[in-house]
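[1] Next one to model:
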Amino acid sequence: MRYATRSFQGLALALGVGTLAACGAPTVMSMANGTIILHADEVSLHVGGAPDASIEANGDFAVDGHKVATTAAEHALLAAYVQNVRDVREKGLSMGKTGVNMAVKAVSAAVSSSSGSADKAADAGSKRIKTLNMAICNDTAAIKQAQDALGNQLAAFKPYATIVGAADVSDCMKDAND
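    Alright, predicted model coming up:
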């Protein structure tokens, strides 16, 4: 019964994630040093003491609503930054779908009193979630790499170059391996 309770909690969480994604709700990554928000094809960057910045999917960068001139290399890094944020969102949605599938299988197993198949489904789902969690950590590391490069190359990006810290990436990796 403990497994079924966890599954129902997972189902509620996954349905909530799926509902928000279906409504086009923004994806929010709150870090110790700031916030990254994905709205459709635009990323908003929020850091205390600095005006808000935005990056379009095509790599256009604006600070406080004013477009910032960038080189081709900077433009490519900005587009990669947005893509990595989008990748985090997609993997998070996949985790939610996996949770829903696990919950459905757990409910079916509970109704049919087939705990063996529920355990197998839970193990498979857990492995999938662990894989997706590690992929999210890798995407977060890629965001940090683009962020670091942009902070070194593009003066207007410097205030936002600390949003994802090294501890965010290492904590994510540690948690994903536990």
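
[2] Residue 62 contacts residue 45, doesn't it?
    No - contact status for residue 62 versus residue 45: not in contact, 10.2 Å apart, counting by C-beta atoms under 8 Å. Bear in mind the C-beta positions are built from the backbone N, C-alpha and C, glycine included.

[3] who has more neighbours, those two?
    Each of residue 62 and residue 45 had its neighbours counted (other C-beta atoms under 10 Å), and the higher figure belongs to residue 45 (23 against 17).

[4] Common neighbours of residue 62 and residue 45, please.
    Counting by C-beta atoms under 8 Å, 6 or more residues apart in numbering, the contacts common to residue 62 and residue 45 are 53, 54, 55.

[5] Please list the members of those residues that lie in helices.
    Among the shared contacts of residue 62 and residue 45, no member falls in helices (criterion: DSSP state H).

[6] Can you report how many residues neighbour residue 41?
    Considering only other C-beta under 10 Å, residue 41 is surrounded by 11 other residues.

[7] Report the helix or strand with the lowest average pLDDT across this structure.
    Lowest by mean pLDDT, DSSP states H and E among the helices and strands of the chain is helix 2-22, with a mean of 45.

[8] after it, next one along is what?
    Going down the chain from helix 2-22, the next helix or strand is strand 27-31, by DSSP states H and E.

[9] which other residues reach that next one?
    Counting contacts by C-beta under 8 Å, 6+ apart, the residues outside strand 27-31 that touch it are 35, 36, 37, 38, 85, 88, 89, 92, 163, 164, 165, 168.

[10] can you rerun that using 7 Å?
    Residues lying outside strand 27-31 but in contact with it, judged by C-beta atoms under 7 Å, 6 or more residues apart in numbering, are 35, 36, 37, 38, 88, 89, 163, 164, 165, 168.

[11] helices and strands around the helix or strand where residue 45 lies, which ones?
    In this structure, residue 45 sits in strand 42-46 according to DSSP H and E. Contacts of strand 42-46 with other secondary structure elements, assessed using 3 or more C-beta pairs under 7 Å, 6 or more residues apart in numbering; DSSP states H and E, are made with strand 34-39, strand 53-56, helix 72-112.
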